[in-house]
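> Following is a predicted model, sequence given first.
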Amino acid sequence: MKRKLVGIMLAMLLLNGCGNVNDTPSQESTGTVSETQQETVSAETESKFDYYAVINDINWNGTILKPPFTVEDLGEGYTLDYFSSYDDKKTNKKYSAYYLHYHSENIGMVMREKLEEGSERDEIHQLAINNTYGGDYRNIYIDKIKIGMKLSDVINAWGNPSDTIDFGDEIEYKYFAGDTDRKYIEVDVDKTDSIIGFAIVM
C-alpha cells in the first residue's frame, strides 16, 4: 500500500520536472495514455476547470484551506515523517518529501521547498492523499470532488482533463492551471471509475 502512494508521488515529481531522487530506490514509470479513458473524456465535454478557483476551495474536515497553507493548518493530529529529497532541474529548487500521518496513521504525502540555509518553507508545495490506507476521507473535498465519488462527477464539475495517463491498476487525470503545467490538480481513479486519491501541486 505504501509503495502505491510512493509511486504516485514519484510520478507527480517526474511529470512536474523534478529529478535526482535521493534516498529512494529507483522506480520505472510505466504510465501510458489510455485510449479507452480518452474516449470516456472525449470532446463532448469541454473543460470548465478553473485551477485558481478550485485551489482556494479545499475543504479539509470543515476548514477551508487557501494557499499557501502549512501542515499545522490541516488541524490537530497531523505530523510529518521524512521520506526523501528531490532536486528540480528546471527551477533549481530542492524539495523534501514526507509521509503525512494522522494520529500515527499514514494517509498521504507532502512536499516542501528547501531553502539555501538548510531550512525549508513551512508552506506545502505538493499534497497527496489516497484511500489505500483506509483512512476516513468523508470530509475532505477539493471544490466539489472527494474520494469515493466517480469519474463522471469530476467531468461534470470540471470538464475534460488536461492530461490522462493509464498506469494499469489506476488512471491519473490531471487538470492544469491555464497559465502553467507546473500547477495542477490530479485525480486518481481505479478501474471501476471510482476516485481513490488526489494530489494538489501548488
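Yep, it's here. This one's a predicted model, so the numbers in the text were calculated from it and none came from an experiment.
> make it CA atoms for all contacts and neighbour counts henceforth
Noted.
> Check which helix or strand the residue nearest to residue 104 when sequence neighbours are not counted maps to.
Once its chain neighbours are removed from consideration, residue 104 has its nearest residue in residue 79; the separation is 7.7 Å (C-alpha to C-alpha, 6 or more residues apart in numbering). For residue 79, the element it lies in under DSSP states H and E is strand 78-88.
> buried residues in the helix or strand just after that strand?
Moving toward the C-terminus from strand 78-88, the first helix or strand encountered (DSSP H and E) is strand 93-102. Residues of strand 93-102 classed as buried: 94, 95, 96, 97, 98, 99, 100, 101, 102 (neighbour count, 16 or more other C-alpha atoms under 10 Å).
> Considering those residues, which is situated nearest to residue 116?
Nearest to residue 116 among the buried residues of strand 93-102: residue 94, at 9.0 Å, using C-alpha to C-alpha.
> how close does the closest residue to the closest one other than its chain neighbours sit to residue 113?
The spatial neighbour of residue 94 that comes closest, neighbours along the chain excluded (C-alpha to C-alpha, 6+ apart), is residue 87 at 4.5 Å. Applying C-alpha to C-alpha, to the nearest Å, the value for residue 87 to residue 113 is 10 Å.
> Am I right that the residue nearest to residue 94 is in contact with residue 111?
No: with contact defined as C-alpha atoms under 8 Å, residue 87 does not count as touching residue 111 (11.7 Å).
> Quick check on these two: which one has the bigger neighbour count.
When residue 87 and residue 111 are compared on other C-alpha atoms under 10 Å, the one with more neighbours turns out to be residue 111, at 28 against 20.
> Mind listing the residues bridging to the more buried one?
Here residue 111 shows beta-bridge partners residue 97, residue 126, assigned using DSSP bridges.
> Now do the contacts for residue 130.
Under the criterion of C-alpha atoms under 8 Å, 6 or more residues apart in numbering, the contact list for residue 130 reads 5, 107, 108, 147, 196, 197, 198.
> got it, and residue 185?
With contacts taken as C-alpha under 8 Å, 6+ apart, residue 185 has the following neighbours: 51, 174, 175, 176, 198, 199, 200, 201.
> Report the beta-bridge partner residues of the fifth one.
This means residue 198. Beta-bridge partners recorded for residue 198 (DSSP bridges): residue 129, residue 187.
> That one contacts residue 187, correct?
Yes: with contact defined as C-alpha under 8 Å, residue 198 and residue 187 form a contacting pair (4.5 Å).
> hang on, the earlier thing: from the contacts of residue 130, which two are the most distant?
Of all pairs drawn from the contacts of residue 130, the greatest distance, 14.5 Å, lies between 5 and 147 (C-alpha to C-alpha).
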